[in-house]
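Below: sequence and its predicted model.
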Amino acid sequence: RKEVEQDPGPFNVPEGATVAFNCTYSNSASQSFFWYRQDCRKEPKLLMSVYSSGNEDGRFTAQLNRASQYISLLIRDSKLSDSATYLCVVSPFSGGYNKLIFGAGTRLAVHP
Amino acid sequence: NAGVTQTPKFRILKIGQSMTLQCAQDMNHNYMYWYRQDPGMGLKLIYYSVGAGITDKGEVPNGYNVSRSTTEDFPLRLELAAPSQTSVYFCATRSGRTSTDTQYFGPGTRLTVL
């Protein structure tokens, strides 16, 4: 079983739609959670951290369910510029090493 | 600030050739990482460094070597290139001031081994 699993998609949605991605992780001791965004043929960039109480950044909302070991990302009012691959990232606490475990990503395509 | 820079952007190698992928950062970050990303797969950690003179293996170190003689530079060496090393290689850094601070990635090197 992969340590971090995501539906690869693609999710094809029209502009203005709301879309949600889920991600599951296998290590119950995981401490930190993130969503990264990766544009085609570019490097990953941090989109947002995910906190236990859930958090929002503009049109993006991230939630964490530790009991079920899944993380979600909700994008409201999708824009063409949201088209990218969204990587779910989990970090087990391991001192200063900050090991990141990446999912393979969920591809989002927003069309006019 | 340039952030994290990687050279070259692209490279084609023949089986058995050697090369060094360069990574440099100007953010004075302690931690540096090398990842590889294969198509449709998550990033896999090759090697990492917590400071100058200190390196350690990640998940997939075989076929690679690293050194960290300065804070700024973290080159990745492929000694005998194999087709299985065809991938996109990303270097990343983080400050290390907290256990969860952000990793910043370089633009990547696309390597093909034929």
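Now that the structure is in, tell me what you want to look at. Here the structure is a predicted model, which is why all the values come from computation and not from measurement.

tell me the contacts of residue A:39?
A:84-85 (CB atoms under 8 Å, 6 or more residues apart in numbering or on different chains). (Glycine included, C-beta is placed from N, CA and C.)

can you check residue A:44 too?
A:36-38, A:87, A:102, B:43, B:90, B:105.

Tell me the most packed of these, by neighbour count.
residue B:43 (29 neighbours; other CB atoms under 10 Å in any protein chain shown).

ok, and the closest non-adjacent residue to residue 66?
I went with chain A, as the question did not name one. Leaving aside its chain neighbours, residue A:66 sits nearest to residue A:52 (6.8 Å; criterion: CB to CB, 6 or more residues apart in numbering or on different chains).

That was the other one, I meant chain B.
residue B:47 (4.4 Å).

In a helix, residue B:84, correct?
Yes: the assignment for residue B:84 is a helix, going by DSSP: H, G, I helix; E, B strand; the rest coil.

show me the contacts for residue A:24.
Neighbour list for residue A:24: A:4-5, A:68-71 [criterion: CB under 8 Å, 6+ apart].

what helix or strand is it on?
Under the criterion of DSSP states H and E, residue A:24 resides in strand A:19-25.

So for that strand, mean pLDDT?
Across strand A:19-25, pLDDT averages out at 95.

Please name the strands paired to that strand in the sheet, noting orientation.
According to DSSP bridges, strand A:19-25 forms sheet pairs with strand A:4-6 (antiparallel), strand A:70-75 (antiparallel).

Mean pLDDT and mean neighbour count for the ones you listed - can I get that in a markdown table?
Formatted as a markdown table, the strands paired with strand A:19-25 follow (pLDDT from 0 to 100; neighbours: other CB atoms under 10 Å in any protein chain shown):
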| stretch | mean pLDDT | mean neighbour count |
| --- | --- | --- |
| strand A:4-6 | 94 | 20 |
| strand A:70-75 | 96 | 20 |
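
Out of the ones you listed, which is closest to residue B:83?
Proximity of the strands paired with strand A:19-25 to residue B:83 was assessed by CB to CB; the nearest stretch is strand A:4-6, lying at 26.7 Å.

And the strands in the chain?
Picking chain A for this. Assigned by DSSP state E, chain A shows strands spanning A:4-6, A:11-14, A:19-25, A:30-38, A:44-50, A:55-57, A:60-65, A:70-75, A:84-92, A:101-102, A:106-111.

my bad, the chain I had in mind was chain B
Counting by DSSP E, the strands of chain B are B:4-7, B:10-13, B:19-25, B:31-37, B:43-51, B:54-57, B:64-66, B:76-78, B:87-94, B:104-105, B:109-113.

Would you mind writing the CA trace of the fourth one as PDB?
Spelled out, it's strand B:31-37. Below are the C-alpha coordinates for strand B:31-37, written out as PDB (Å, rounded to 0.1, in the frame of the first residue of the first chain):
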ATOM      1  CA  TYR B  31      18.600  21.800   4.800                       C
ATOM      2  CA  MET B  32      18.900  20.700   1.200                       C
ATOM      3  CA  TYR B  33      17.300  17.700  -0.600                       C
ATOM      4  CA  TRP B  34      17.400  15.900  -3.900                       C
ATOM      5  CA  TYR B  35      14.300  14.200  -5.300                       C
ATOM      6  CA  ARG B  36      13.500  12.400  -8.400                       C
ATOM      7  CA  GLN B  37      10.000  12.400 -10.000                       C
END
